[in-house]
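> my questions concern the predicted model and sequence given below.
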Amino acid sequence: MVRSYKRKTTRGAYGSQSLQNALAAISGGMSLKQASTVYNVPRPTLRRHRDSKVKCPGEVHFGSFEPVLSLEFERELVTQIQMMEKALFGLSTTDIRHLAFELASKMKLPNNFNKDSCMAGKDWLQGFMSRHQELSLRLPQATSISRAVGFNRPKVEHFFTVYKSLLDDHHYPAQSVWNMDETGISTVQKPLRIVATKGRRQISRMTSGERGTTVTVICAVSACGSFVPPMLIFPRKRMAPGLMRGAPTGAVGAVSKSGWTDSEIFIQWLKHFADNTKSSKTNPQLIILDGHHSHKTLAAVDFARDNGITLLTLPPHSTHKLQPLDRTIFKTLKCNYNRVCDNWMTCNAGKRITVFDMAELFCKAYDKTAGIEAAKKGFETTGLWPFDDQKFTDDDFVAAEVTDEPLTTMSSSVTADSHVNTDSTTSTVSAAPNTGQSAAAVPITDGCSLHVPDGSNFSAAASESENRDFVAAEVTDEPPTTMSSSVQVTADSDGNTDSTISTVNAVSNTGHSSTAAAASTTDGCTPHVPGESNVLLLG
């Protein structure tokens, strides 16, 4: 069989639609000659189809060969393939070939499929893909089952309900609706594609090391396309002036032992945000962010309330769909950063990227990425601005429907001791099957509320290649060395790195108690705990 047949004539170029229109016009009284002229279909063709002297009247069909599966069955197969893709259980080419064999065998259709391997051949698969141009071979992105379960209709609907109530109550303009998130950049970039010798099995690109140092970047973007200068968090104990050399204009730096964000750094960022947006009770701002524990401390709630900032957290495991920065900014930012690092390594042969170079490299990538259109598109694709709570259809929730994990609703009970000025408040949380109802709000000082929405989860030849193999070492300026190393690991004061949940309580002069859950570790940093609760903090 010819795998890549190229037609030598234009026979049948008019298509099935024009043929059907011409036949309909003939049935309506138009002459054969006139229909041939109007629809550009040969008269002999029209005559054969009119008199039903062809196998498929009204259809353009060539040759005597027919697909094993009829066009109707193939369309049904396409529908099933697309449904499995939406459910995050996409079929491979081998799966499709096995499925075609099973269908042909079950319907007892004549075929020449391989009965030993029990699947259709590659020629059938190639013809199937060519007949259905809506399908293509793609490389899927790994998605955890937590995200599949977490992004479900009850959670999303409840989030949009709370979000709409905030918009209705405060009448936020586009320039006052923000999305904030963290991402990481490394001294070891991910090399981009290069042009290389065809047939060579291994292609390499120079990087600064095997494992790099990660620096956290906090970005914020508004629905109107404006950006707050980013914050860079370096894994150090003390801030050095050279770390921010060449950083984006207005950017600020911070340090933490791990290089990750924590509750204290989040307060620093909130102050940075308030200084740039001039937020106040007369100029309120809304920040949409994830449910990281550092975003829900009492100090963060108090600062937000005093400065007219409302913090709205997204449902857990749904940021890949609902967060504008994840949808249109961060992927482009990292691609641009990798490209800038590749160029730096090319221009500085033999040198390594250090944390003192990262701010300048990040600045070049950030300036290329931070555009108004990309920011506005992120809010539009998530339905946050313009507000569109019907942005996600049933197809977007198929993955949650095929899992066997039950949705859960968190119910909380709070008991407070009002005898002393600094109450000790105990909060108990229990999981229950999802009933579609929202949990009650825990009151916070001055009307600030901590909402726990439903569905929250806590839970080559050797002689020729010998010289080529050492070319990379010749362009570096480091002398060869022999290394012997020893590693000493010390534990923290508690002997473990488990995070604990503590409850913080304070009382204002109005007598209302306020609670906030904070995750703490021995070094004062707050790691991201999967399955965090969905929380709304109203400032």
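Yep, that arrived.
> tell me the strands beside the helix or strand where I287 lies, with direction?
Using DSSP states H and E, I287 maps to strand 285-289. Its sheet considered, strand 285-289 pairs with strand 177-186 (parallel), strand 309-313 (parallel) by DSSP bridges.
> which parts of stretch 200-209 are buried?
207-208 (16 or more other C-beta atoms under 10 Å). Placement of C-beta: from N, CA and C, glycine included.
> I'd like the mean pLDDT over it, please.
For stretch 200-209, the mean pLDDT works out to 90.
> ends of stretch 242-251, what's the gap?
Terminal residues of stretch 242-251 lie 14 Å apart, using C-alpha to C-alpha, to the nearest Å.
> quick one: that stretch to chain centroid distance?
Put simply, stretch 242-251 sits 28 Å off its chain's centre (C-alpha atoms, centre = their mean, to the nearest Å).
> counting neighbours, what do you get for V188?
Residues within reach of V188, counting by other C-beta atoms under 10 Å, total 16.
> from K334, how far out is it?
Distance, V188 to K334, by C-beta to C-beta, to the nearest Å: 13 Å.
> quick check: domain ranges of this protein?
Domains of the chain are assigned by automatic domain parsing as 14-65, 71-131, 145-402.
> want to throw these into a markdown table with distance to K6?
Shown next, in a markdown table, are those (distance: least, C-beta to C-beta, whole Å):
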| stretch | distance to K6 |
| --- | --- |
| domain 14-65 | 14 |
| domain 71-131 | 13 |
| domain 145-402 | 25 |
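> just name the most buried of those domains.
Stretch with highest mean neighbour count among the domains of the chain: domain 145-402 (a mean of 18; mean count of other C-beta atoms under 10 Å).
> ok, now which ones touch the residue nearest the centre of the chain?
Taking C-alpha atoms, centre = their mean, the centroid of the chain lies closest to H320, which sits 3.6 Å from it. The contact partners of H320, taken as C-beta atoms under 8 Å, 6 or more residues apart in numbering, are 143, 147, 151, 326.
> which SS state does it fall under?
helix (DSSP: H, G, I helix; E, B strand; the rest coil).
> how close does N152 sit to H61?
46 Å.
> look up phi and psi at the residue nearest to G58 when sequence neighbours are not counted.
Leaving aside its sequence neighbours, G58 sits nearest to Q20 (C-beta to C-beta, 6 or more residues apart in numbering; 4.8 Å). Here is the backbone geometry of Q20 (degrees, to the nearest 10): phi -70, psi -40.
> list the contacts of C118.
C118 touches 98, 101-102, counting by C-beta under 8 Å, 6+ apart.
> just to revisit the earlier point, out of the strands paired with strand 285-289, flag the one nearest Q268.
Closest approach to Q268 among the strands paired with strand 285-289 (C-beta to C-beta): strand 177-186, 13.1 Å.
> now that closest one, how far from the chain's geometric center?
Distance of strand 177-186 from the chain centroid (C-alpha atoms, centre = their mean) equals 13 Å.
> what comes into contact with whichever helix or strand comes after that strand?
Counting by DSSP H and E, the next helix or strand C-terminal to strand 177-186 is strand 214-222. Strand 214-222 is contacted from outside by 174-186, 227-228, 230-235, 259-261, 269, 273, 287, 324-325, 329-330, 333, 355, 358, 362, 370, 375, 378, using C-beta under 8 Å, 6+ apart.
> sheet partners, orientation included, of strand 214-222?
Within its sheet, strand 214-222 is paired with strand 177-186 (antiparallel), strand 227-235 (antiparallel), according to DSSP bridges.
> ok, and what's touching the longest one?
With contacts defined as C-beta under 8 Å, 6+ apart, strand 177-186 is touched by 212-223, 228, 261, 269, 273, 277, 285-290, 292, 319, 323-326, 330, 333-334, 337, 358, 362, 378-379, 384-385.
> just the CA coordinates of it, formatted as CSV?
In CSV, the C-alpha atoms belonging to strand 177-186 read as follows (Å, rounded to 0.1, in the frame of the first residue of the first chain):
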residue,chain,number,x,y,z
VAL,A,177,-8.4,43.3,41.2
TRP,A,178,-5.1,41.5,41.5
ASN,A,179,-3.7,38.0,41.3
MET,A,180,-0.6,37.1,43.3
ASP,A,181,1.5,33.9,43.1
GLU,A,182,5.0,32.6,43.6
THR,A,183,7.2,30.7,41.1
GLY,A,184,10.8,29.5,41.1
ILE,A,185,13.8,30.2,38.9
SER,A,186,17.1,28.3,39.1
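> so for that strand, mean pLDDT?
Here the average pLDDT along strand 177-186 is 97.
> got it, and stretch 73-93?
89.
> distance between it and the chain's centre?
Its chain's average C-alpha position is 22 Å from that of stretch 73-93, according to C-alpha atoms, centre = their mean.
> what residues does it touch?
If you take C-beta under 8 Å, 6+ apart as the criterion, stretch 73-93 is touched by 67, 69, 96, 99-100, 103, 107, 125, 128, 131-132, 134-135, 137, 140, 143, 148, 395-396, 398-399, 401-402.
> which parts of the chain are strands?
For the chain, the strands defined by DSSP state E cover 177-186, 214-222, 227-235, 252-256, 285-289, 309-313, 408-415, 426-433, 442-443, 449-451, 500-507, 513-520, 536-537.
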